[in-house]
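# predicted structure and sequence below. I'll ask about it afterward.
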Protein chains: 2
Amino acid sequence: MENLERIRIKDIARMAEVSVGTVDRVLHGRHGVSESSRQRVEEILKKLNYRPNVYASALASNKKYSIIYILPEHEEGSYWSYIEKGIRQASESFTDFHLSIHPLYYNPYTPDSFDACIQEVMAQNPDGVIISPTLPEKTFSLVGELNKAETPYVFIDSNLPELKPLAFFGQNSIQSGYFAGSILMLLAHKGNQVVIFRHIYGGKSEQSNQQQFREKGFRDYMSQHHPDYQILELDIDMKLSTEEKYALLDTFFATHPHINRGITFNSQVGIFGEYIENRNIHNFHLLGYDLLERNVKCLKNGSVHFLIAQQPIRLGHDSVEELSRHLIFKKEVRPLNFMPIDLLTADNVDYYPDILGK
Amino acid sequence: MENLERIRIKDIARMAEVSVGTVDRVLHGRHGVSESSRQRVEEILKKLNYRPNVYASALASNKKYSIIYILPEHEEGSYWSYIEKGIRQASESFTDFHLSIHPLYYNPYTPDSFDACIQEVMAQNPDGVIISPTLPEKTFSLVGELNKAETPYVFIDSNLPELKPLAFFGQNSIQSGYFAGSILMLLAHKGNQVVIFRHIYGGKSEQSNQQQFREKGFRDYMSQHHPDYQILELDIDMKLSTEEKYALLDTFFATHPHINRGITFNSQVGIFGEYIENRNIHNFHLLGYDLLERNVKCLKNGSVHFLIAQQPIRLGHDSVEELSRHLIFKKEVRPLNFMPIDLLTADNVDYYPDILGK
C-alpha cells in the first residue's frame, strides 16, 4: 500500500534535530525559534510537502469569521441568483469553522443605493468582502474604506484590476466575445450583416463593463476575420413592454430582411429568442449568454442557436471557498481565477446541470 | 447577521424533550432508544436540517480506509494519466481521515493481465474499488468476487450498468458522438463525405466500448440530419510506424480528393493533425477528443478544428471523493455522474487549465 498517511510532528522534529515544541512554533508562526532552527524545520516541511492538520486545529479554534457579499438586486432564476446559490453552498461547508456570511444588495439602476451597502459594511466590520463591482465609482469608495480597515476583498463577475482585489473570479470577457464571434461565424450562411442586440435602461446604456468588453472582443474577431461584415446595433430599452420591444424588432427585421445572425452580450437573449419563435422567423441564428431556464428553453426550441455560459454557481462557490480558506487557513489566493468559456447547444446542454444547480 | 452557526446537541435534546445521550445515540445509529424518542429526535433533526459535525467525528476516529483503483497501463500526458492525477488529488484531501489509496494496472492489449489485478484486489481486501471497465469479461469476474466480499465498486470512463456499480463517472458517450456530429457539420463547407479515423491494434479493432458508443451517436446524428452523406472509414493500426501510417493516409486522401471533414473518437487525433500539418493539407476539418498536450498543439496550429473534452481530472477526483464520502461519512452516492461535453477551439481552450491540471 502506498503510504499517504500523515507525517507526525515528532518525525519532523527528529529529522530537523529540534524539539517538538520548536516544530509547533514554526508551524503556527510563533516567536521564540532561532533562525537556523526555523530554516531547518521549514526545509524539512517543504521536502515532506507537510500539511498540518488544518481541519482539526481550525475546528478546535473558537475564532469566528464573517464575510459580507454585495450583489445587485435580482430575481430568482437570474444570473445573479446562481452566483448567490454558489456563495451559499460554499459557505455551508465552512459552518463547522464558525464562518457566517451576510448579503447586501444594491439597485444597479440607482447607483446611490450602493452607499447604504458601504455604510453597512463599515458598521459590521467583516473579515472579508465579496463584491460584484458593476458600479466602478461606488466600488472605488468602498475599497478606500476597506483598505483603511485592512479588510480583504475579492471581485466577482467583472474585474477592476486597478483597485487591486485580493482575487478576481470570472470570465475573461474580451476573449469570451472573441470566441462568441468565431462560433457565430461558423454557421454555414451567406450574408454580410450581423446585429448586436443591446439592452439599455431608461434611455441610458445599461451595459456593464463585462458586456462592453465582450462586445470589444467580438468586434476584434470580426475586424480580423470578417472585415467585410457590417455590424448593426439595435438598442432595446428594458423599460418597454413586450409589445413595444416586438414593434422595434419588427421594424428592424423589415429594414434588414437578409440579416441572418444576431448576438447579445448579456443574459437577456431569451427575449429575442421568444420574439423569433413568436414571429416564426427562420434562417436567423442567435448567440447569447448564460444558462437561464428561459434561455435554455429557447436553445431547445431552436430559436437560440448557441449559449455561452460561465458557471455562476462555481463562480460564487469558488469566491467564498478561496476567501474563507485565506481567512481561516491563511491559504494564499491565486489573483486571477478565470471561469471556462463553455459553449452550449441543444445537444450538450443537458450535461451542465451544475450550472443551473440541478 | 444570518445565523449559520451549528445547532448544538443539547438544543436538540431540549426541543425533543429527551436526554443529550439519547440524541447522541440516534445520531450515531446506536441501540437503546425508544421508538417514540427516536422519532421525535429525527423529526427535530429533519426540521433543523442538522448536520452532525462529520469532520470532527471522522477525524477523531481511528478507522483506516483503503481504496484500490484499476486503470490501463498508460504514459504520462495520456488521457488516463489525467484521470490518475484527479484520483491522487482527491485522495490527498482524505489523508486526515486515514484513507490510503493504491493503484493497479493492466495491459489493455493482453486482457489476461487483468487477472493479476483481480488476485491482488482479493488479497488486499480493500474497502472500495474504482475500475475502468474497458475489458467487460474481466470486469465481470472481478465484480463477482467484489460482490461476494460486499465491497463497493464504482466504474469510471465507460459504464457497464448491468454489473450494477455503486456509481458511474464519465460522459454519456452516445450523446457525445451525436453532439460531435452536429458541431462538425456546422462548418461552412460543401461536400457529401466525412471520414471516421479508427485505431486498431495488431489487426484487431481496439475500439473501447466508449468509442463504439460515440460512433453510434455520430451515425445517429448523420442519418437524422445528413442522410445524403457518405461516411467513410479508415482503420489505422497503432503498431505501424509513423511513415506507414502516413502512407495509408496519403493513399486515402489521393482516393478521396474532395473530402473535407474527419472525426476520431479517441484521444489520438494528434496523429492525424500532425499528418495534416506535415502534408500541408488545407480545407480539411478535423474533430477529435481529449485535451492532451499534443492535441491542443494541433488545435492551436489549426490542424484540428475542434476538441471535445470530458474533464478526466474531475472524473478521477469525483470518483474518489464520492466513494470516500460514502465509506467515511456514509454519504449516499448518485448512481450516474455524467461529465460535461466540453467543446474547445483554439479560442477558448486556454480557459480549461483544470482539464490539463495547470
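All right, it came through fine.
# in the stretch 101-250 of chain A, which spans are helices?
Using DSSP state H, counting those that start in this stretch, the helices assigned to the stretch 101-250 of chain A run over residues A:113-124, A:136-148, A:173-184, A:209-225, A:242-255.
# just name the most buried of those helices.
Compared across these, helix A:173-184 shows the largest average neighbour count, a mean of 24 (mean count of other Cβ atoms under 10 Å in any protein chain shown). From N, CA and C alone the C-beta is placed, and that goes for glycine too.
# next one: whichever helix or strand residue A:10 is part of, is it in contact with chain B?
Taking DSSP states H and E as the definition, one finds residue A:10 inside helix A:9-16. No - Helix A:9-16 lies out of reach of chain B by Cβ under 8 Å from any Cβ of the partner chain, never closer than 14.2 Å.
# and that helix, average pLDDT?
Across helix A:9-16, the average pLDDT comes to 76.
# ditto for stretch A:151-163
On average, stretch A:151-163 scores 94.
# and stretch A:30-38, by the same measure?
Stretch A:30-38 comes out at a mean pLDDT of 81.
# got the end-to-end distance for that stretch?
11 Å (Cα to Cα, to the nearest Å).
# stretch A:285-294 now?
Termini of stretch A:285-294 sit 17 Å apart (Cα to Cα).
# chain center to stretch A:99-114, what's the gap?
16 Å (Cα atoms, centre = their mean, to the nearest Å).
# er, stretch A:134-141 actually
Worked out by Cα atoms, centre = their mean, stretch A:134-141 lies 17 Å from the chain centre.
# quick one on the thing from earlier: can you redo the helices of the stretch 101-250 of chain A as JSON lines with mean pLDDT and distance to chain B?
Putting the helices of the stretch 101-250 of chain A into JSON lines (pLDDT from 0 to 100; distance: least, Cβ to the nearest Cβ, whole Å) gives the following:
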{"stretch": "helix A:113-124", "mean pLDDT": "96", "distance to chain B": "7"}
{"stretch": "helix A:136-148", "mean pLDDT": "94", "distance to chain B": "18"}
{"stretch": "helix A:173-184", "mean pLDDT": "95", "distance to chain B": "4"}
{"stretch": "helix A:209-225", "mean pLDDT": "92", "distance to chain B": "8"}
{"stretch": "helix A:242-255", "mean pLDDT": "96", "distance to chain B": "23"}
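# can you pull the contacts of residue A:165?
Residue A:165 makes contacts with A:131, A:153-155, A:159, A:335, as judged by Cβ atoms under 8 Å, 6 or more residues apart in numbering or on different chains.
# filter these down to the buried ones, PyMOL style.
Selecting just the buried residues from these in PyMOL takes one command, with 16 or more other Cβ atoms under 10 Å in any protein chain shown as the test:
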select buried, chain A and resi 131+153+154+155+159
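# still on that earlier bit, go through the helix holding residue A:10 and flag the buried ones.
A:9, A:12-13, A:15-16.
# what about the next helix or strand after it and chain B, touching?
Downstream of helix A:9-16, the next assigned helix or strand under DSSP H and E is helix A:20-27. No - if you take Cβ under 8 Å from any Cβ as the test, helix A:20-27 misses chain B, and the best it gets is 15.1 Å.
# give the buried residues for the next helix or strand after helix A:20-27.
On the C-terminal side of helix A:20-27, the closest following helix or strand by DSSP H and E is helix A:35-48. Residues of helix A:35-48 classed as buried: A:37, A:40-41, A:44-45 (neighbour count, 16+ other Cβ under 10 Å).
# then stretch A:265-282?
Here stretch A:265-282 shows A:265-276 as buried, counting by 16+ other Cβ under 10 Å.
# OK, contacts around residue A:136?
By Cβ under 8 Å, 6+ apart, the contact set of residue A:136 is A:160, A:209.
# just list whatever residues bridge to residue A:197.
residue A:234, residue A:264 (DSSP bridges).
# surely it meets residue A:236?
Yes - using Cβ atoms under 8 Å, residue A:197 makes contact with residue A:236 at a distance of 6.5 Å.
# who has more neighbours, those two?
Taking other Cβ atoms under 10 Å in any protein chain shown, residue A:197 and residue A:236 do not tie; residue A:197 has more neighbours (23 against 19).
# domains in chain A, by residue range?
Annotated domains of chain A cover A:9-52, A:65-170+A:312-339, A:173-309 [automatic domain parsing].
# how about the ones you listed in CSV, adding distance to residue B:135?
As requested, the domains of chain A are arranged in CSV below (distance: least, Cβ to Cβ, whole Å):
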stretch, distance to residue B:135
domain A:9-52, 35
domain A:65-170+A:312-339, 35
domain A:173-309, 37
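# nearest to residue B:308, out of these?
domain A:173-309 (14.6 Å; Cβ to Cβ).
# from residue A:325, how far off is residue A:245?
Residue A:245 is 45 Å from residue A:325, where distance means Cβ to Cβ, to the nearest Å.
# with residue A:118 instead?
26 Å.
# what do you get for residue A:238?
From residue A:238 to residue A:325 the distance is 38 Å (Cβ to Cβ).
# of these two, who's got more company?
Shown here are residue A:238 and residue A:325; by other Cβ under 10 Å, residue A:325 has more neighbours (17 against 13).
# verify the contact between that one and residue A:334 for me.
No - Residue A:325 sits out of contact with residue A:334 when judged by Cβ under 8 Å, with a separation of 11.2 Å.
# quick one on the thing from earlier: tabulate the buried residues of helix A:35-48 (TSV), appending distance to chain B.
Listed next are those as TSV, based on distance: Cβ to the nearest Cβ, whole Å:
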residue	distance to chain B
A:37	27
A:40	24
A:41	21
A:44	18
A:45	16
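# for the record, mean pLDDT for whatever helix or strand residue A:316 lives in?
Residue A:316 is part of helix A:312-329 when elements are defined by DSSP H and E. What helix A:312-329 shows for mean pLDDT is 92.
# in it, what's buried?
So, applying 16+ other Cβ under 10 Å, buried residues of helix A:312-329: A:312-328.
# what strands line up against the following helix or strand past that helix, and which way round?
Using DSSP H and E, the helix or strand that follows helix A:312-329 towards the C-terminus is strand A:336-338. Sheet pairing of strand A:336-338 (DSSP bridges) gives strand A:167-170 (parallel).
# residue A:237: neighbour count?
Neighbourhood size, residue A:237 [other Cβ under 10 Å]: 16.
# not counting residues beside it along the chain, what's closest to it?
residue A:200 (5.3 Å; Cβ to Cβ, 6 or more residues apart in numbering or on different chains).
# quick one on the thing from earlier: of the buried residues of stretch A:265-282, closest to chain B?
residue A:265 (15.8 Å; Cβ to the nearest Cβ).
# got the phi/psi numbers for the closest one?
Residue A:265 has phi and psi values of phi -110, psi 10 when expressed as degrees, to the nearest 10.
# roughly how far does it sit from residue A:247?
For residue A:265, the distance to residue A:247 - Cβ to Cβ - is 23 Å.
# is stretch A:94-111 positioned near chain B?
Yes - using Cβ under 8 Å from any Cβ, stretch A:94-111 reaches chain B at A:95-96, A:98-103.
# lowest pLDDT pick from these?
Among the residues of stretch A:94-111 next to chain B, pLDDT bottoms out at residue A:96, giving 74.
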